[in-house]
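J.: Sequence first, then the predicted structure:
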There are 2 protein chains.
Amino acid sequence: MRPLEFTGGILSLIDQTKLPLKKKIVKCRTYEETAKAIKDMIVRGAPAIGVTAAYGIAIGAAAIKTISNEEFFKKLELICQTLRNTRPTAVNLFWAIDRVYQKAFRNKELSVKDIKQIITDEAYLIEKEDIETNKKIGIAGNEIIQANWTILTHCNAGALATTEYGTALSVIRFAHWAGKNIQVFADETRPYLQGARLTAWELQQDHIPVTLICDNMAGCFMKQGLIHCVIVGADRIALNGDTANKIGTYSVAVLAKENNIPFYVAAPFSTIDLKTETGEQIPIEERKPEEVTHIQGIRIAPEGIKVRNPAFDVTPACYITGIITERGILYPPYQESLFHAEAQRMQRL
Amino acid sequence: MRPLEFTGGILSLIDQTKLPLKKKIVKCRTYEETAKAIKDMIVRGAPAIGVTAAYGIAIGAAAIKTISNEEFFKKLELICQTLRNTRPTAVNLFWAIDRVYQKAFRNKELSVKDIKQIITDEAYLIEKEDIETNKKIGIAGNEIIQANWTILTHCNAGALATTEYGTALSVIRFAHWAGKNIQVFADETRPYLQGARLTAWELQQDHIPVTLICDNMAGCFMKQGLIHCVIVGADRIALNGDTANKIGTYSVAVLAKENNIPFYVAAPFSTIDLKTETGEQIPIEERKPEEVTHIQGIRIAPEGIKVRNPAFDVTPACYITGIITERGILYPPYQESLFHAEAQRMQRL
């Protein structure tokens, strides 16, 4: 199950607003179409929107009609800015855009044609690396999962949120493949219902036992002892471990702590924002009220009602048992373990 | 705003499954229709279903064609049993049914015709008392509300859940009428959306400032300091103060405690079940999966997905700051304060 495919200069996306009832493919032929697909949540999930943006740059760059490097980079910057402006919270978006732009910029002396190829290659590489990263997250996370556990997850940190396997769902997949007889409880995740529409569907497709619940039921099942572990994804992790993720994650984390249930975040290193010291500095996207007042186009609330609709919340590090990354599991204090993991990687390079 | 009206031997109910989009009236002409209306949640809310059941007995009793007292009571028991079997959690249902039946039974020597009148009178009295009770709850609760507070409520413990004013919303109404410049955050309350459909609408009708949020957002707003107090209703309160209420109440209570926000339950004494020592003994209704997989008839989850759908959860007394009743506010330890309030009442009788 893969949410995106880049072939012949066109990015094909599974329209995640329509799943699981319809499997519609949206084709992005311009960078503007790609930006719109991110903004409209045709594609969502921090790693997936990073890869999508990278391909968006490749699509945009290919269409720049000039042989002047100066003009090319001027237009390339505009493309990057358009893609940056789509969604504010997930740092993977900015990370992927910066990575592609920097790669192009480091080769700015080459011909425009060659730079275009380098951009496309870098986007491909980001996608390929993401698949590898997710596999490693799944394998690393497997060590904390005990046989016969029921794992709660919130939102969709699955294959659909990445390029394959997922982050939180990669851990769940690898535990399932390891024959640990696990079960999953999936929060439906209002307002966008990523849990009900995407996680439930994804796990069902892979024959992993899954039970769908409303967000407000998670605490009650924790208290009843039915949940053994929580694993969620992340949209941005601050240096101190504070984690921005789908709205409702903070509540799940508090309830897990109150019930002595381990709470893990699964995310690639690209989700860690080295420029953000604490969660308080993470910008939180507020989306349109209609996501709350309407479901699948049907009005559920009175006309003219005031609504708040933050798409994310921040879970302070003190609620997080560990962060499962492609370089192993990080434990508190996170700033220390993050620097340690980064230093180890630098040494190996 | 009143959810039910009994005239000419017919009980008219506002169909709460259709609000706020349609204001449809359902007329119950038999006790079976009344039982079905409770089961299908045409009418809901612990106090309101108590009053409805009382009128259901009156309707059923009126239709019993006999002058034999023995036969009358045999049929009356069947009517009571049918109404008892509608919903298991809210104790007000059983309380009202028992009260009407006992009243009839204490007058079993009278003519069937007179007993029928006594039953109808008792149902009227329960309704009238409920209105008075809710007013007293509103006045009692007003003392804990400070000016400019934002109050979070879950589900609908409003006029629609009672005969008038509501319980939690009665406190909110009286604080509003006292000019305290309060605001309300209403959890949408999945799966049935009582918050989005009923509380938001009820408060909007009364011009009380209300903001609709998804259930999973409440914690995040508490952490941001935007919520000063939580008030919810109750479906059954055990002797030790453990409170069964709409699913999600437990989560809200834990989040309130974690954020040092007072958490109040507002309920009439008829919600206190003197036969239940702790919350563990309260039966929790599990409703059909379609409430979770469909919204307003539209499927939102994949076909064949497994679902859990408990309609209520139990909030342990340790999370409850106080219980606002028509006899004043009870504080922990609840068993003691309950007995104290009950003893005071007995003394006055």
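T.: On my side now, so go ahead. Residues are numbered from 1 along each chain as shown, chains lettered A, B, ... in the order given.
J.: Grab the nearest non-local neighbour of the residue in the stretch 1-150 of chain A positioned nearest to chain B.
T.: For the stretch 1-150 of chain A and chain B, the shortest gap (C-beta to the nearest C-beta) falls at residue A:20, measuring 4.3 Å. Backbone N, C-alpha and C define where each C-beta goes, glycine included. Distances taken as C-beta to C-beta, 6 or more residues apart in numbering or on different chains place residue A:201 nearest to residue A:20, at 3.8 Å, with adjacent residues excluded.
J.: Tell me the spacing between residue A:278 and residue B:221.
T.: Separation of residue A:278 from residue B:221 (C-beta to C-beta, to the nearest Å) stands at 19 Å.
J.: And the two? Which one has more around it.
T.: When neighbours are counted by other C-beta atoms under 10 Å in any protein chain shown, residue B:221 comes out ahead of the other of residue A:278 and residue B:221, with 20 against 15.
J.: Please name the residues that touch the residue nearest the centre of chain A.
T.: Nearest to the geometric centre of chain A sits residue A:46, at 2.5 Å (C-alpha atoms, centre = their mean). Residue A:46 makes contact with A:90-93, A:161, A:233-236, A:267, A:271, according to C-beta atoms under 8 Å, 6 or more residues apart in numbering or on different chains.
J.: so where do the helices sit in the stretch 1-150 of chain A?
T.: Taking DSSP state H, counting those that start in this stretch as the criterion, the stretch 1-150 of chain A carries its helices at A:31-39, A:46-62, A:69-84, A:91-106, A:112-142.
J.: and residue B:1, which of those is closest to it?
T.: Taking C-beta to C-beta as the criterion, helix A:31-39 is the member of these that comes nearest to residue B:1, at 40.5 Å.
J.: Reformat the contacts of residue A:46 as a markdown table; add neighbour count and distance to residue A:24.
T.: As requested, the contacts of residue A:46 are exported to a markdown table (neighbours: other C-beta atoms under 10 Å in any protein chain shown; distance: C-beta to C-beta, whole Å):
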| residue | neighbour count | distance to residue A:24 |
| --- | --- | --- |
| A:90 | 32 | 23 |
| A:91 | 25 | 29 |
| A:92 | 28 | 24 |
| A:93 | 27 | 23 |
| A:161 | 30 | 18 |
| A:233 | 31 | 24 |
| A:234 | 29 | 28 |
| A:235 | 33 | 25 |
| A:236 | 29 | 29 |
| A:267 | 30 | 28 |
| A:271 | 26 | 28 |
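J.: Ignoring the adjacent residues along the chain, who's closest to residue A:145?
T.: Setting aside the residues directly before and after it, residue A:145 is nearest to residue A:175 in space (C-beta to C-beta, 6+ apart), at 4.1 Å.
J.: and that neighbour, that's in a strand?
T.: No - with DSSP: H, G, I helix; E, B strand; the rest coil as the criterion, residue A:175 is assigned helix and is not in a strand.
J.: Low-confidence regions, the stretch 151-300 of chain A specifically.
T.: Residues of the stretch 151-300 of chain A meeting the criterion pLDDT under 70: none.
J.: how many neighbours does the residue nearest to residue A:145 have?
T.: By the other C-beta under 10 Å criterion, the neighbourhood of residue A:175 contains 26 residues.
J.: So it sits against residue A:144, correct?
T.: No - counting by C-beta atoms under 8 Å, residue A:175 stays clear of residue A:144, with 9.0 Å between them.
J.: Quick one: name the residues of the stretch 101-250 of chain A near chain B.
T.: Residues of the stretch 101-250 of chain A lying close to chain B (C-beta under 8 Å from any C-beta of the partner chain) are A:154, A:185, A:187-191, A:193, A:196-197, A:200-201, A:204, A:209-221, A:223, A:247-248, A:250.
J.: Mind checking which of the residues you listed land in helices?
T.: For these, membership in helices holds for A:200-201, A:204, A:218-221, A:223, A:250, with DSSP state H as the criterion.
J.: What is the nearest of the contacts of residue A:46 to residue A:59?
T.: Among the contacts of residue A:46, residue A:93 lies closest to residue A:59 (C-beta to C-beta), at 15.7 Å.
J.: Give me the distance between that closest one and residue A:126.
T.: When distances are taken as C-beta to C-beta, residue A:93 and residue A:126 turn out to be 12 Å apart.
J.: got it, and residue A:231?
T.: When distance is defined by C-beta to C-beta, residue A:231 is 24 Å away from residue A:126.
J.: neighbour-wise, which of the two wins?
T.: Using other C-beta under 10 Å as the criterion, residue A:231 and residue A:126 rank with residue A:231 on top: 28 against 24.
J.: coming back round to it: give the buried subset of the ones in helices among the residues of the stretch 101-250 of chain A next to chain B as a PyMOL selection command.
T.: Paste this into PyMOL to select the buried members of these, with burial taken from 16 or more other C-beta atoms under 10 Å in any protein chain shown:
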select buried, chain A and resi 200+201+204+218+219+220+221+223+250
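J.: Let me have the ones in helices among the residues of the stretch 101-250 of chain A next to chain B in CSV, adding distance to residue B:300 as columns.
T.: CSV is the format used below for these (distance: C-beta to C-beta, whole Å):
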residue, distance to residue B:300
A:200, 10
A:201, 11
A:204, 14
A:218, 18
A:219, 22
A:220, 21
A:221, 20
A:223, 26
A:250, 24
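J.: in stretch A:66-75, what counts as buried?
T.: Along stretch A:66-75, these residues count as buried under the neighbour rule (16+ other C-beta under 10 Å): A:72-73, A:75.
J.: what do you get for stretch A:123-135?
T.: With burial defined by 16+ other C-beta under 10 Å, the residues of stretch A:123-135 counted as buried are A:123, A:126-127, A:130-131, A:133-135.
J.: What is the nearest of the residues you listed to residue B:334?
T.: The shortest distance between residue B:334 and any of the buried residues of stretch A:123-135, using C-beta to C-beta, involves residue A:134 and amounts to 49.9 Å.
J.: what's the distance between that closest one and residue A:142?
T.: From residue A:134 over to residue A:142 the distance is 13 Å, taken as C-beta to C-beta.
J.: would you list every one of the helices in the stretch 201-349 of chain A?
T.: Ranges of helices within the stretch 201-349 of chain A are A:218-223, A:249-258, A:290-293, A:334-348, based on DSSP H, counting those that start in this stretch.
J.: among those, which is the most enclosed?
T.: With neighbours defined as mean count of other C-beta atoms under 10 Å in any protein chain shown, those peak in mean count at helix A:249-258, which reaches a mean of 26.
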